[in-house]
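Asks: how would this look folded up:
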Amino acid sequence: MNQRRQHRSSPSANRYLPPLEERRTYRSDPGIGEGLGRDTSPPPRSAAQRSRDMGYKMYGLFHRAATADGADKSGLTALTYPVMANFAVDAAMAVALANTLFFAAASGESKSRVALYLLITIAPFAIIAPLIGPALDRLQHGRRVALATSFALRTVLVVLLIANYDGATGSFPSWVLYPCALGMMVLSKSFSVLRSAVTPRVLPPTIDLVRVNSRLTVFGLLGGTIVGGAVAAGAEYLFNLFHMPGALYVIVALTLAGAALAMRIPKWVEVTEGEVPTTLSYHGYPGDAHEALPGAPLRRTHWRSEPRSARQPVGRNIITALWGNCTIKVMVGFLFLYPAFVAKSHDASGWEQLLILGLIGAAAAIGNFGGNFASARIPLGHPARLVVHSTIAVTLVALATALTGKLMVAALAALVTSAASAIAKASLDASLQHDLPEASRASAFGRSESLLQLAWVAGGATGVLVYTQLHIGFTVISMVLILGLAQTVVSYRGDSLIPGFGGNRPVLAAREGASAGSGRDDSAVPRE
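Replies: Numbers count the residues shown, from 1 in each chain. You can find the predicted model right below:
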């Protein structure tokens, strides 16, 4: 009993987990880890045996990392594998459509037609995205199935692409290419939303959500993007000799594996008892808006009326972090598609186009990895302030690119944007964990991720619609970023440009309505 009480008093306790036994020490397992390092057998005599031994050692390192901190007991390891599969599917899809997606097909079709396909495919997601969060709040016993379904639907889309592949030209009919490719993007974003709602339920007792999310991203980048992309590239080269889309076959295998792995996530992620949904709007008493100015003591304020159902409004730090992250995500989505059109619009050889895309892509990858690495190690004592600074940095590099119109500056913008996006997301995670009661965190993560993915889509659409000159495109996106930065800064200072959705609220907002099961509002009790 004392151990259980001590576990629940931990800052990172997870009430959804069953009682966990003492963590097993994998160093004593002779099958992996250090047991391999103390092998006293004679040196291997063949290259095959040396490769096999190296494979065992690499697996041991991976297994130790994936199960560290009790992740195997909490269910985090089981979630890590579908996340890696999702990253791998995205990388393999990029390889499969590298020569046929927007920028290559745009040479034979007008950009307006490409934009039409984009808008037709994105429009449903733009409508559905705001509904994903509330749907997750009502989804009682189907979150694992929803994760698996996001993979299964991608399998269907890829099979449709394979069935319509033209081996002679190595291309797809446009009526199949655009809806399927963009449908894959939407389903990938939907997986990210669902994963964010599940993550708080598999949180190990010894680490926090910020480290967990950074850890999942690093595993996804290393084991998914790099390994999955390399395998897909190899398959694409080999199968191309027989006029077959090799990377698409890799995607089929990955999506089927991802669906199976999603169903192996522990059942306790389905537990929703005692959850209180979050709400982004705030309708408190006007006098509450300025109770928690920067530097002032943090305290909750009470709701003046009793709505029918309990809701947990997010506080000012969280709404500030959301505005800043959405602003940065617009830039991330813009950089995902716009450089492709810029590369294709110039009368340059294929190698020059590849150089443009490779330079910006490499800068974005380095920034993303560096940002996640740094966010797991830097102190996040003032997450809202970090988000504001990250948003300012992204806006400044966008303005610099708009003024110079230089490719190297655009690459620098990609580097800074990717790093700032990772740091800002970690800061948002820190705010969600610190400022919200545990009963509302899963709902908050699902809703926040829905907004971030919708912002990404808006940035991607902007990248398709604007003119393919660097200074013009970045001028347009800079105007959008300036508006988002203004709302972020104003929210941080305790005000708002949009009534009900800005910082004119306390840092720790009180629960609206009666708490679940008790008929009273106990959200005003300070949390340790």
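
Asks: And Arg299, what's its pLDDT?
Replies: Looking at Arg299, its pLDDT is 43.

Asks: which sections of the protein are below the confidence cut-off?
Replies: 1-48, 51, 98-141, 271-274, 283-308, 344-353, 513-528 (pLDDT under 70).

Asks: centroid residue for the protein?
Replies: The centroid of the chain falls nearest to Ser192 when counting by CA atoms, centre = their mean (5.3 Å).

Asks: Could you tell me how far the helix or strand that residue falls within lies from the centre of the chain?
Replies: Element membership of Ser192 [criterion: DSSP states H and E] is helix 174-198. Between the centre of helix 174-198 and the centre of its chain there are 13 Å (CA atoms, centre = their mean, to the nearest Å).

Asks: Can you name the next helix or strand after that helix?
Replies: For helix 174-198, the following helix or strand on the C-terminal side (DSSP H and E) is helix 209-219.

Asks: which helices and strands does that next one pack with?
Replies: With contacts taken as 3 or more CB pairs under 8 Å, 6 or more residues apart in numbering; DSSP states H and E, helix 209-219 sits against helix 76-96, helix 350-375, helix 407-435. Glycine gets a C-beta too; all of them are placed from N, C-alpha and C.

Asks: Correct me if wrong: Ile360 contacts Ala414.
Replies: Yes - under the criterion of CB atoms under 8 Å, Ile360 makes contact with Ala414 at 4.8 Å.

Asks: what touches both of the two?
Replies: 335, 339 (CB atoms under 8 Å, 6 or more residues apart in numbering).

Asks: Show me this protein divided up by domain.
Replies: Using automatic domain parsing, the domain parsing of the chain gives 74-272, 276-517.

Asks: what sits against the residue lying closest to Thr217 once chain neighbours are set aside?
Replies: Nearest non-adjacent residue to Thr217, counting by CB to CB, 6 or more residues apart in numbering: Asn372, 4.8 Å away. When contacts are counted by CB under 8 Å, 6+ apart, Asn372 touches 214, 217-218, 221, 422, 426.

Asks: closest to Phe172 among those?
Replies: For those, the residue nearest Phe172 by CB to CB is Leu221; the value is 28.1 Å.

Asks: just checking, the closest one is part of a strand?
Replies: No - secondary structure of Leu221 (DSSP: H, G, I helix; E, B strand; the rest coil): helix, not part of a strand.

Asks: OK, contacts around it?
Replies: 87, 365, 368-369, 372.

Asks: Tabulate those (JSON lines), appending distance to Leu209.
Replies: Formatted as JSON lines, those follow (distance: CB to CB, whole Å):
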{"residue": "Phe87", "distance to Leu209": "19"}
{"residue": "Ala365", "distance to Leu209": "24"}
{"residue": "Asn368", "distance to Leu209": "19"}
{"residue": "Phe369", "distance to Leu209": "20"}
{"residue": "Asn372", "distance to Leu209": "14"}
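
Asks: among these, which ones are buried?
Replies: Buried by 16 or more other CB atoms under 10 Å: 87, 365, 368-369, 372, out of the contacts of Leu221.

Asks: from those residues, which single one is nearest Gly228?
Replies: Phe87 (6.6 Å).

Asks: surely that closest one meets Val218?
Replies: No - taking contacts as CB under 8 Å, Phe87 lies outside contact range of Val218: 10.4 Å.

Asks: Find the nearest non-adjacent residue to Thr279, please.
Replies: Arg311 (4.6 Å).

Asks: and that neighbour, what are its phi and psi?
Replies: According to degrees, to the nearest 10, the main-chain angles of Arg311 amount to phi -140, psi 150.

Asks: could you check the distance from the residue nearest to the centre of the chain over to Gly500?
Replies: With distances taken as CB to CB, to the nearest Å, Ser192 is found 26 Å from Gly500.

Asks: do Leu335 as well
Replies: For Leu335, the distance to Gly500 - CB to CB - is 31 Å.

Asks: more crowded one of the two?
Replies: Between Leu335 and Gly500, counted using other CB atoms under 10 Å, the more crowded position is Leu335 (25 against 12).

Asks: so what's that one up against?
Replies: 360, 364, 413-414, 417, 459, 463.

Asks: and which of those is nearest Ser174?
Replies: Nearest member of these to Ser174, counting by CB to CB, is Gly463, at 19.1 Å.

Asks: Please name every helix or strand in contact with the host helix or strand of the closest one.
Replies: Gly463 belongs to helix 441-465 when assigned by DSSP H and E. When contacts are defined as 3+ CB pairs under 8 Å, 6+ apart, helix 441-465 packs onto helix 111-138, helix 174-198, strand 278-279, helix 316-345, helix 407-435, helix 470-492.

Asks: Out of the domains of the chain, which gets nearest to Tyr56?
Replies: Closest of the domains of the chain to Tyr56 is domain 74-272, at 16.8 Å (criterion: CB to CB).

Asks: Next one: the closest residue to Leu432 other than its chain neighbours from Ser196, what distance?
Replies: Leaving aside its chain neighbours, Leu432 sits nearest to Ala444 (5.1 Å; criterion: CB to CB, 6+ apart). To Ser196, Ala444 is 9 Å away according to CB to CB.

Asks: out of the two, which sits in the busier spot?
Replies: Ala444 (29 against 26).

Asks: Now for Tyr492: which residues touch it?
Replies: By CB under 8 Å, 6+ apart, the contact list for Tyr492 reads 294, 316, 320, 384-385, 388, 503.

Asks: 7 Å instead, please
Replies: By CB atoms under 7 Å, 6 or more residues apart in numbering, Tyr492 lies in contact with 320, 384, 388, 503.

Asks: List phi and psi for the nearest residue to Ser74 once chain neighbours are set aside.
Replies: Computed as CB to CB, 6+ apart, the closest residue to Ser74 that is not its neighbour in sequence is Pro204, at 4.3 Å. Dihedral pair for Pro204: phi -60, psi 150, per degrees, to the nearest 10.

Asks: Is Gln312 in a helix, a strand, or coil?
Replies: Here Gln312 is recorded as strand under three-state DSSP.

Asks: what are the bridge partners for it, then?
Replies: Beta-bridge pairing for Gln312 (DSSP bridges): Thr278.

Asks: Near it, how many other residues are there?
Replies: Counted with other CB under 10 Å, residues neighbouring Gln312 total 24.

Asks: Wait, the residue nearest to Leu432 touches Ser431, no?
Replies: No - applying CB atoms under 7 Å, one finds Ala444 not in contact with Ser431, separated by 9.5 Å.

Asks: So what angle separates the directions of the helix or strand His389 falls within and helix 350-375?
Replies: Using DSSP H and E, His389 sits within helix 383-404. In terms of direction (axes from the mean of the first three to the mean of the last three CA atoms, to 10 degrees), helix 383-404 departs from helix 350-375 by 160 degrees.

Asks: on contacts alone, who are the packing partners of helix 383-404?
Replies: With contacts taken as 3 or more CB pairs under 7 Å, 6 or more residues apart in numbering; DSSP states H and E, helix 383-404 sits against helix 316-345, helix 407-435, helix 470-492.

Asks: Just the buried residues of that helix, please?
Replies: Applying 16+ other CB under 10 Å to helix 383-404 flags 383-395, 397-402 as buried.

Asks: any residues touching that helix, and which ones?
Replies: 317, 320-321, 324-325, 327-328, 331, 380, 409-410, 412-413, 416-417, 420, 423-424, 427-428, 430-431, 470-471, 474-475, 477-478, 481-482, 485, 488-489, 492.

Asks: Give me the buried entries from these.
Replies: If you count burial by 16+ other CB under 10 Å, the buried members of the contacts of helix 383-404 come out as 317, 320-321, 324-325, 327-328, 331, 380, 409-410, 412-413, 416-417, 420, 423-424, 427-428, 430-431, 470, 474-475, 477-478, 481, 485, 488-489, 492.
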